[in-house]
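Participant: Sequence and predicted structure, then a few things I'm wondering about:
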2 protein chains.
Amino acid sequence: QGLEDGARLPCLDIEKLRGENNTLREEQQRLKKVIEKQHRMMEQLGSQIQALEEQISQEESSSQALREESLAKDQNVLELHTAMKELSAQNQELIEQNLTLQEQMSDPEQMISNQASSGLQPAG
Amino acid sequence: QGLEDGARLPCLDIEKLRGENNTLREEQQRLKKVIEKQHRMMEQLGSQIQALEEQISQEESSSQALREESLAKDQNVLELHTAMKELSAQNQELIEQNLTLQEQMSDPEQMISNQASSGLQPAG
């Protein structure tokens, strides 16, 4: 009786331990798969981050180019405005000269006196 | 002899199994910590990705606004060019009118015939 118990208890322990052992090994395999899967996911996220950083870099270069182009256009507009002011001023002068000449031509006395002062002989 | 062997082998097995068991449990704890750490890293990468996507979105909006501003400036330049061409053409006309008037004023015969045709009396 004592011997049987003594012989049987170790067997039960062994079976129990073998059972736990197997469960632990299976769990270990499962956990290792989870780790591998997470590792692949992290590599994917890493690649995604690289791609996004590249995209940002290009977008910033594009913005910078647009800003420089915009400054050049502003400069161009300033130069055009300046040129237009000069043309407008010329125009004004020419219009006034024109009016003066026309007035002189339609006022013979003024015209003759102008000619006299400029040394021309009036036609007889 | 036989009994001793029989009694000893189960003991060795139990100790061996207990040992493996402990090792497996420790390994399990280690693997679980790795998984937790990887999980935290993935959350961090996820946040990083969100921030980068937000940055890209803002950069694209900025580029779009710059492009629209640029088109408006091009339009402005076209209008200025058109206005300048008109002013230049006016200028040309005025200069030619001016020259014609000056020639008429310095050529009395032409002037008198002009006055005659326009009904003015020459001064005597």
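Facilitator: That came through, no problem. Residues are numbered from 1 along each chain as shown, chains lettered A, B, ... in the order given.
Participant: and the residue positioned nearest the centre of chain A, what element?
Facilitator: Closest residue to the average C-alpha location of chain A: A:Ser63 at 2.6 Å, with CA atoms, centre = their mean. Using DSSP states H and E, A:Ser63 maps to helix A:2-106.
Participant: Point out where chain A drops to low pLDDT.
Facilitator: A:1-11, A:108, A:110-124 (pLDDT under 70).
Participant: if I look at A:Lys16, how far off is chain B?
Facilitator: Between A:Lys16 and chain B the distance is 9 Å, computed by CB to the nearest CB, to the nearest Å. The way it works is simple: take the backbone N, C-alpha and C, and place the C-beta from them, glycine included.
Participant: burial count for that residue?
Facilitator: When neighbours are defined as other CB atoms under 10 Å in any protein chain shown, A:Lys16 has 12 of them.
Participant: ok, now the one 4 residues further on?
Facilitator: For A:Glu20, the count of nearby residues is 16 (other CB under 10 Å).
Participant: Quick check, it in contact with B:Asn21.
Facilitator: Yes. With contacts counted by CB atoms under 8 Å, A:Glu20 reaches B:Asn21, the gap being 5.8 Å.
Participant: Now for A:Glu59: which residues touch it?
Facilitator: Counting by CB atoms under 8 Å, 6 or more residues apart in numbering or on different chains, A:Glu59 touches B:Ile56, B:Glu59, B:Glu60, B:Ser63.
Participant: could you redo the last one with a cut-off of 6 Å?
Facilitator: Residues in contact with A:Glu59, defined by CB atoms under 6 Å, 6 or more residues apart in numbering or on different chains, are B:Glu59.
Participant: Can you tell me which residues in chain A are near chain B?
Facilitator: By the rule CB under 6 Å from any CB of the partner chain, the part of chain A lying against chain B is A:10, A:13-14, A:17, A:20-21, A:24, A:31, A:34-35, A:38, A:42, A:45, A:48-49, A:52, A:55-56, A:59, A:62-63, A:66, A:70, A:73, A:80, A:84, A:87, A:90-91, A:94, A:97-98, A:101, A:108, A:123.
Participant: Which among those residues count as buried?
Facilitator: The neighbour-count test (16 or more other CB atoms under 10 Å in any protein chain shown) marks A:10, A:13-14, A:17, A:20-21, A:24, A:31, A:34-35, A:38, A:42, A:45, A:48-49, A:52, A:55-56, A:59, A:62-63, A:66, A:73, A:80, A:84, A:87, A:90-91, A:94, A:97-98, A:101, A:108 as buried among those.
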